[in-house]
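*Asks:* model this:
(one chain, ligands or ions: 1)
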Amino acid sequence: MDLEQIFAVDEFEELARAAMDPGAFAYYYGGAEQEITLRENIAAFDRYRLRPRVLRGLSEVDTGSTLLDAEVSLPIGLAPTALHKLAHPDGECAVARAAGKYGALQIVATYSSYTLEEVAEAASGPLWFQLYMNADRSITEDLISRAGEAGYGAIVLTVDLATPGYRTREYRNWFVPPPEVGPANFTVGEGAIHSSVSELVANLTGDGYSWSIVEWLRELTELPIVLKGIMTAEDAALALEHGADALIVSNHGGRQLDRSPASIDVLGEVVEAVEGQIEVYLDGGIRRGTDVLIARALGARAVFIGRPYLWGLAAAGADGVARVLDILQTQLVNGMLNLGVASLDEVTREHLA
Ligand SMILES: Cc1cc2nc3c(=O)[nH]c(=O)nc-3n(C[C@H](O)[C@H](O)[C@H](O)COP(=O)(O)O)c2cc1C
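*Replies:* Take a look at the predicted model:
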């Protein structure tokens, strides 16, 4: 496969479909119920328009930024997604190598198929650790201290999973990961049970999430705490009250509550609610460089991609993920030059039509 002949990240989806087990592909692709939110995440971006400024004397642009303490060359990070070995035997380690090459931040999932230490070993760029709570808090405590020791720069608590979404497509294509694709951070008995991926998450999520968990985490670790899955101004205000260091506006890629709005459509209200006190990021539906500019214009400091890099990983391992990042970077640079901005900080609401 000549990756240089792929010019849009969408094209990787069909390559991944061909490369993957149909059940695993359905797990990756699917959303909840009618997949309205899944489609809307992408459709919403298509409704925004940019206002180009011309004759700005630009020959190059700077795509660099910071996310909390992490310096990145791209404002496009890799969202946490479970069990990368379903896509490729090199799994999360391949993703880490590609992210490092592009100076992109990777969030490693609790349910990674390599251990968090193995991914840290493969990484050269910044890493954050995504947390699902365990009913047994000592298991969570252990994971957090391991993440700290391995050099992860923040804990990303996923808050939008009171229970796994009603994922019709996944149920229809019932899929149990093969034994070699288990959640590597857990030893047998803790989490390495072989059920469908949603069941796995349900079993380990534990006894219901409440805001007290954020306070509990705050006591437990000095690492910054990022809350992933905030979709309203009300919850953004509560997140501030409970000491969150940053937020990710996200509807879990349309996999949780179907009929949630597109994440890009609620970014504005969340940004307004936090009044610049903490950083706000966004994921869901990012498929091209101009999507990044729209999110930036609406106040997201950075964005994260989920499925696009999984498709790249399934199609061609680390090289496929690298090509996805390469395309997005090239499109972003092109978009910045044609929008008339030399740096991401110059992108404002004035750039939205
Ligand atoms: C196959 C798959 C697995 C995911 N696993 C997790 C996970 O373990 N933890 C989590 O916080 N989010 C998980 N997500 C959600 C992503 O982090 C992210 O919110 C979403 O994929 C962004 O939307 P996009 O796929 O349109 O880019 C998963 C998403 C997919 C597609």
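*Asks:* Just the buried residues of the helix or strand harbouring G335, please?
*Replies:* Taking DSSP states H and E as the definition, G335 sits inside helix 307-339. Buried residues in helix 307-339, counted by 16 or more other Cβ atoms under 10 Å: 307-329, 331-333, 335-339. Every residue, glycine included, has its C-beta placed from N, CA and C.
*Asks:* Please list which of the residues you listed also come close to the ligand.
*Replies:* Contacts with the ligand within those, counted by Cβ under 6 Å from any ligand atom: R307.
*Asks:* what comes into contact with the helix or strand harbouring E219?
*Replies:* Element membership of E219, judged by DSSP H and E, is helix 212-220. With contacts defined as Cβ atoms under 8 Å, 6 or more residues apart in numbering, helix 212-220 is touched by 131, 133, 137, 141, 144, 155, 157, 225, 227, 239, 242-244.
*Asks:* Top of these by number of neighbours, please.
*Replies:* Greatest neighbour count in the contacts of helix 212-220, by other Cβ atoms under 10 Å, goes to L227: 26 neighbours.
*Asks:* for it, helix, strand, or coil?
*Replies:* With DSSP: H, G, I helix; E, B strand; the rest coil as the basis, L227 sits in strand.
*Asks:* dump the residue contacts of it.
*Replies:* V156, L157, V159, V214, A239, A244, A246, L247, I248.
*Asks:* any idea which of these is closest to G284?
*Replies:* Taking Cβ to Cβ as the measure, G284 sits nearest to I248 out of the contacts of L227, at 9.5 Å.
*Asks:* Name the nearest residue to the closest one, ignoring sequence neighbours.
*Replies:* In space, and not counting its chain neighbours, I248 is closest to K228: 4.1 Å by Cβ to Cβ, 6 or more residues apart in numbering.
*Asks:* now the residue in the stretch 201-350 of the chain that the ligand sits nearest to: how far from A162?
*Replies:* The stretch 201-350 of the chain approaches the ligand most closely through G306 (2.1 Å), counting by Cβ to the nearest ligand atom. Distance, G306 to A162, by Cβ to Cβ, to the nearest Å: 20 Å.
*Asks:* So for these two, which sits in the more crowded spot?
*Replies:* G306 (22 against 11).
*Asks:* ok, the closest residue to the more buried one other than its chain neighbours - contacts?
*Replies:* Excluding the flanking residues, the one nearest G306 by Cβ to Cβ, 6+ apart is A79, at 4.3 Å. Residues near A79 by Cβ under 8 Å, 6+ apart: I107, S250, G253, D283, F304, I305, G306.
*Asks:* at 6 Å what do you get?
*Replies:* Counting by Cβ atoms under 6 Å, 6 or more residues apart in numbering, A79 touches D283, F304, G306.
*Asks:* distance of it from P308?
*Replies:* Distance, A79 to P308, by Cβ to Cβ: 10 Å.
*Asks:* cool, P261 as well?
*Replies:* From P261 to P308 the distance is 21 Å (Cβ to Cβ).
*Asks:* now swap in G125 and tell me
*Replies:* Counting by Cβ to Cβ, the gap from G125 to P308 is 17 Å.
*Asks:* same question, D245
*Replies:* Plainly put, D245 is 26 Å away from P308 if you go by Cβ to Cβ.
*Asks:* list the contacts for V321?
*Replies:* Contacts of V321 were listed using Cβ under 6 Å, 6+ apart, and they are V95, A98, Y309, G312, L313.
*Asks:* run the last query once more with 10 Å
*Replies:* Contacts of V321 were listed using Cβ atoms under 10 Å, 6 or more residues apart in numbering, and they are 12, 78, 84, 87-88, 90, 94-99, 101-102, 104, 106, 305, 308-315.
*Asks:* Around the ligand, pick out the residues from this protein.
*Replies:* Near the ligand, when you scan the chain using Cβ under 6 Å from any ligand atom, you find 27-28, 41, 79-82, 109, 111, 130, 158, 228, 250, 252-253, 255, 283-286, 305-307.
*Asks:* repeat that with 5 Å
*Replies:* 28, 79-82, 109, 130, 158, 250, 252-253, 283-285, 305-307 (Cβ under 5 Å from any ligand atom).
*Asks:* one step back: among the contacts of helix 212-220, which lie within strands?
*Replies:* Counting by DSSP state E, the contacts of helix 212-220 place L131, I155, L157, I225, L227 in strands.
*Asks:* Looking at those residues, which is nearest E350?
*Replies:* Using Cβ to Cβ, the ones in strands among the contacts of helix 212-220 come closest to E350 at L227, 29.1 Å.
*Asks:* List the beta-bridge partners for the closest one.
*Replies:* Here L227 shows beta-bridge partners L157, L247, assigned using DSSP bridges.
*Asks:* Got the confidence number for it?
*Replies:* For L227, the pLDDT comes out at 98.
*Asks:* Also I193?
*Replies:* Predicted confidence (pLDDT) for I193: 45.
*Asks:* likewise T163?
*Replies:* 88.
*Asks:* and it, what are its phi and psi?
*Replies:* Here is the backbone geometry of T163 (degrees, to the nearest 10): phi -160, psi 150.
*Asks:* thought it was touching Q256?
*Replies:* Yes - using Cβ atoms under 10 Å, T163 is in contact with Q256, at 8.9 Å.
*Asks:* of these two, who's got more company?
*Replies:* When T163 and Q256 are compared for neighbours, Q256 comes out ahead with 23 against 12, by other Cβ under 10 Å.
*Asks:* any idea how far E33 is from the ligand?
*Replies:* 16 Å (Cβ to the nearest ligand atom, to the nearest Å).
*Asks:* mind listing what that residue touches?
*Replies:* Listed by Cβ under 10 Å, 6+ apart, the contact set of E33 reads G165, Y166, R167, T168, R169, G254, L257, D258, R259.
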